[in-house]
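Visitor: My questions concern the predicted model and sequence given below.
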Amino acid sequence: MVQKVPVYLTPPESLLADCIPATTFKVATNADGTDYTIWVQSLLLQCHNNIQLIKRWASEISEGQNND
């Protein structure tokens, strides 16, 4: 008798990075505020990109399982 064992897959570790950085940003001037805004926007964009890559990874895994 063959017993099927579930295999749990997870996305690549590189796509699971925290979106909120551990570093702090000192805002003392208006220019610092602008730099901070740009920095936060870049973090949000990176998180968005990671989510899109995770969705693509999940669909590829799902398609691969359907072909079995």
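Guide: In hand now; what should we look at? Not measured: the values here are computed from a predicted model.
Visitor: Could you pull up the residues touching the most centrally placed residue in the chain?
Guide: Centroid-nearest residue in the chain: N50, 3.2 Å away (criterion: C-alpha atoms, centre = their mean). N50 makes contacts with L15, L16, A17, as judged by C-beta atoms under 8 Å, 6 or more residues apart in numbering. Glycine gets a C-beta too; all of them are placed from N, C-alpha and C.
Visitor: so where's the chain uncertain?
Guide: The chain contains residues with pLDDT under 70 at 66-68.
Visitor: what about the helices in it?
Guide: With helices called from DSSP state H, the chain shows them at 30-66.
Visitor: now the contacts of N50 in a markdown table, with neighbour count and distance to Y36?
Guide: Converted to a markdown table, the contacts of N50 look like this (neighbours: other C-beta atoms under 10 Å; distance: C-beta to C-beta, whole Å):
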| residue | neighbour count | distance to Y36 |
| --- | --- | --- |
| L15 | 15 | 25 |
| L16 | 10 | 25 |
| A17 | 10 | 20 |
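Visitor: now these in CSV, with distance to A28?
Guide: Formatted as CSV, the contacts of N50 follow (distance: C-beta to C-beta, whole Å):
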residue, distance to A28
L15, 34
L16, 34
A17, 28
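Visitor: quick check, nearest of those residues to V5?
Guide: Nearest to V5 out of the contacts of N50 is L16 (C-beta to C-beta; 24.2 Å).
Visitor: any idea how far A58 is from the closest one?
Guide: L16 sits 13 Å away from A58, taking C-beta to C-beta, to the nearest Å as the criterion.
Visitor: what do you get for L45?
Guide: 20 Å.
Visitor: One more: W39?
Guide: Using C-beta to C-beta, W39 is found at 29 Å from A58.
Visitor: likewise T29?
Guide: From T29 to A58 the distance is 43 Å (C-beta to C-beta).
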